[in-house]
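Novice: The amino acid sequence is not available; the structure is as follows:
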């Protein structure tokens, strides 16, 4: 809190001159201006449909606001009707239909985005430019503490701009933008947006609302949401064919009194047990907004209780648990911006967040098995240069600190601390049709492990890493609305505390994990080629990429003797499969593409067709495939759009994944068919809308290869959804 107080004082000092200038009658406009690069928080909820207009959105995540059509790397913006249609309880499932995006799918409540096959420490999930400050990067059974119900838009950014948010953003950045700290004074003195949704697959009921009230130059904000769902309906058996066969074989063989009913597990179908959830959030905020600056602060509370799918035993002697997680986070955020009035700098921005997080992993009788505690602060100071001719840029400093502790019988990490300081710059040059962009980041990371006295199982001590990452790109406008580009990057990433210090059993992922405190920096080179085409009737965004890693960190299943040796000093039993973090060379390559075409105009209806596809190939040199890599995917849709009605039908085919690590099983292909219709009942009023959708219409059994639980937890079956948005 001391850090947050100092940042608040600094921001106030920056904002006071701007406030004084705005008080001068010669400098004060009739009403405060909205920053040009602010997210359109008071735009109509359905202001951005997926169609040939794609590419006109302004991407604000990379500090320097840029149109989608001009970015130097693969970028997606999800807002409006598309966000409403894809909205799910977790941010991972909400974004899973975007090009190059998959999800960890550890049940409907804990699903984190996967970008280009990268997950965990190699992507950053942000809320309004600052990390979620939770422990979702620690394990896939931990939910991201961001509520999609309150999102105004979501931006997925890769390339040079992503490095501004940390060297761990090798795969990219997911930035969820909300209005908790107001950006603009409401035109009518107030602004309210609300959403209510029902989903049949989990009997999901959710509601969220956010409102602002303007009191002169002060804007007050309040928001809240509530979600309750039952166990998820699925299309077919709970266990995959291979897991069912193993369970039936175990049922026919010798068993012990402690073994579960293997035959009953194999017969489970239609409903996924232990996946019910209840989540509620509340937040308040306030901002001082003038014509030359703004300063705001907010407080939010997040509370969730959710179950994770059961990893069913398929052999005699295996344990079978039905854990639930109780998650609470209290958070304070600060955002400020001031225009300097000219000179070399155009704006100075500050952004900070502090959070106190804990979650309890509950046993079936409600007792606390393991507790996770995380306190963290992240802050950024950005200096935005004035545009001079074709030259623009921004530089800044970022600070991150985390105190993390795991307490309980299944504690697989010692108490540890991470402190990180980063200095970065991004510069852009335009020479007519040619655009150049370069980014550079230096990052100093200190990690400390502080096990309990006498616990010889864990490493005790500190590690220090200095990392330098950079990227450069060129793009050229071949014709109006047609731009090609090439990016090159060199990244260095410090290992995380989990990769360095883990040594113990983790029931959530059913693995006994062994880290390595002697790890070196993970390093990579990357190339990416892009093509953006945005014409009146046609839109295309495509990217192809290749990454070369040295000291790549991966978690691999190894001989149980490795874990037994690690557990020997503490005398603990190794009762789970043994996984060890290891470093080696690795290669990633793939592509993603997203296209739309206006097929016809029938009266007031525009008929658009669209398609996307993506593919990732990842290997550890001399070892084989990287585990849990999403297979190739294609999706196509047809959409009829008018001012008041949008009707859409689409089909998504995910190919089989037979390219697997030794401890994985193959995953079958599947095809999902979805349809939706959106209706705005009042002509000229875009802020009231109704959307009806049918997802997985044919109730097929679908499993994501990227999921730890794909053999025990398929995706949702047939899901009929109704969503109402209201704004005024």
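Specialist: That came through, no problem. Just so you know, these numbers come straight off a predicted model, no measurement behind them. Residues are numbered from 1 along each chain as shown.

Novice: And the helices in the stretch 401-550 of the chain, which stretches?
Specialist: Ranges of helices within the stretch 401-550 of the chain are 497-501, based on DSSP state H, counting those that start in this stretch.

Novice: Distance from stretch 384-398 to the middle of the chain?
Specialist: Centroid separation for stretch 384-398 versus its chain: 27 Å, with CA atoms, centre = their mean, to the nearest Å.

Novice: buried stuff in it?
Specialist: Going by neighbour count (16 or more other CB atoms under 10 Å), the buried part of stretch 384-398 is 384-385, 392-396, 398. For every residue, glycine as well, the C-beta is placed using N, CA and C.

Novice: Find the residue closest to residue 212 in space, skipping its chain neighbours.
Specialist: Closest residue to residue 212 apart from its sequence neighbours, by CB to CB, 6 or more residues apart in numbering: residue 191 at 4.5 Å.

Novice: Now do the helix or strand that neighbour falls within: distance to the chain's middle.
Specialist: According to DSSP states H and E, residue 191 maps onto strand 190-199. How far strand 190-199 lies from its chain's middle: 22 Å, per CA atoms, centre = their mean.

Novice: With stretch 220-232 instead?
Specialist: Counting by CA atoms, centre = their mean, stretch 220-232 comes out at 19 Å from the chain centroid.

Novice: For that stretch, buried residues please.
Specialist: Applying a neighbour-count criterion of 16+ other CB under 10 Å, one finds 221-227, 229, 231-232 buried in stretch 220-232.

Novice: Over to stretch 445-456?
Specialist: Result for stretch 445-456 [16+ other CB under 10 Å]: buried residues 445, 447-451.

Novice: do the same with stretch 655-663
Specialist: Buried residues in stretch 655-663 (16+ other CB under 10 Å): 655, 657, 659-661.

Novice: Over to stretch 662-670?
Specialist: 664, 667-668, 670.

Novice: So which of the buried residues of stretch 655-663 is the closest to residue 377?
Specialist: Distance to residue 377 across the buried residues of stretch 655-663 (CB to CB) is lowest for residue 661, with 36.8 Å.

Novice: thought the closest one was touching residue 556?
Specialist: Yes: Residue 661 is within contact range of residue 556, at 7.2 Å (criterion: CB atoms under 8 Å).

Novice: Can you check the pLDDT for residue 564?
Specialist: With respect to pLDDT, residue 564 has a value of 88.

Novice: Specify the local secondary structure of it.
Specialist: Classification of residue 564 by DSSP: H, G, I helix; E, B strand; the rest coil places it in helix.

Novice: so it touches residue 574, yeah?
Specialist: Yes: look at residue 564 against residue 574 with CB under 8 Å: they come within range, at 5.2 Å.

Novice: Who has more neighbours out of these two?
Specialist: Neighbours per residue (other CB atoms under 10 Å) separate residue 564 from residue 574, with residue 574 holding more: 19 against 14.

Novice: so what's the one residue sitting closest to the centre of the chain closest to, chain neighbours aside?
Specialist: What sits nearest the mean C-alpha location of the chain, by CA atoms, centre = their mean, is residue 125, with 4.1 Å. Distance criterion CB to CB, 6+ apart; nearest residue to residue 125, sequence neighbours excluded, is residue 174 at 4.8 Å.

Novice: Counting by contacts, list what the one helix or strand the residue nearest to the centre of the chain maps to packs against.
Specialist: Using DSSP H and E, residue 125 sits in strand 123-127. Secondary-structure packing of strand 123-127 (3 or more CB pairs under 8 Å, 6 or more residues apart in numbering; DSSP states H and E): strand 113-115, strand 172-177.

Novice: Tell me which of those strands sits nearest to residue 79.
Specialist: With respect to residue 79, and counting by CB to CB, the nearest of the helices and strands packed on strand 123-127 is strand 172-177 at 8.8 Å.

Novice: Strand partners (parallel or antiparallel) of that closest one?
Specialist: strand 123-127 (parallel), strand 153-157 (antiparallel) (DSSP bridges).

Novice: quick one on the thing from earlier: in contact with the residue nearest to residue 125, which residues are there?
Specialist: For residue 174, the contact set (CB atoms under 8 Å, 6 or more residues apart in numbering) comprises 91, 95, 113, 115, 123-126, 154-156.

Novice: residue ranges for the helices of the protein, please.
Specialist: 2-23, 80-86, 91-95, 241-252, 262-267, 497-501, 560-567 (DSSP state H).

Novice: Give the other helices and strands that the fourth one contacts.
Specialist: Contacts of helix 241-252 with other secondary structure elements, assessed using 3+ CB pairs under 8 Å, 6+ apart, are made with helix 262-267.

Novice: Who are the packing partners of the helix it packs on?
Specialist: Under the contact criterion of 3+ CB pairs under 8 Å, 6+ apart, helix 262-267 touches helix 241-252.

Novice: how far does the helix it packs on sit from the chain's center?
Specialist: On the basis of CA atoms, centre = their mean, helix 241-252 sits 36 Å off its chain's mean C-alpha point.

Novice: ok, residue 106 - contacts?
Specialist: Counting by CB under 8 Å, 6+ apart, residue 106 makes contact with 140-141, 308-309, 508, 707-709, 713.

Novice: One more: residue 401?
Specialist: 3, 376-378, 417-420.

Novice: now those residues as TSV including pLDDT and neighbour count?
Specialist: TSV is the format used below for the contacts of residue 401 (pLDDT from 0 to 100; neighbours: other CB atoms under 10 Å):
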residue	pLDDT	neighbour count
3	42	14
376	97	21
377	97	22
378	97	25
417	97	17
418	97	18
419	97	15
420	97	21
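
Novice: Columns distance to residue 513 on top of those, output as CSV?
Specialist: Converted to CSV, the contacts of residue 401 look like this (distance: CB to CB, whole Å):
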residue, distance to residue 513
3, 31
376, 22
377, 27
378, 26
417, 19
418, 18
419, 23
420, 23
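
Novice: Go through the residues you listed and name the one nearest residue 83.
Specialist: residue 378 (24.9 Å).

Novice: Was I right to think the closest one contacts residue 334?
Specialist: No: when contacts are counted by CB under 8 Å, residue 378 is not listed as touching residue 334 (10.9 Å).

Novice: Report the set of residues contacting both of the two.
Specialist: Joint contacts of residue 378 and residue 334 (CB under 8 Å, 6+ apart) are 352-353.

Novice: quick one: low-confidence ranges for the chain?
Specialist: 1-58, 60, 62-73, 159-160 (pLDDT under 70).
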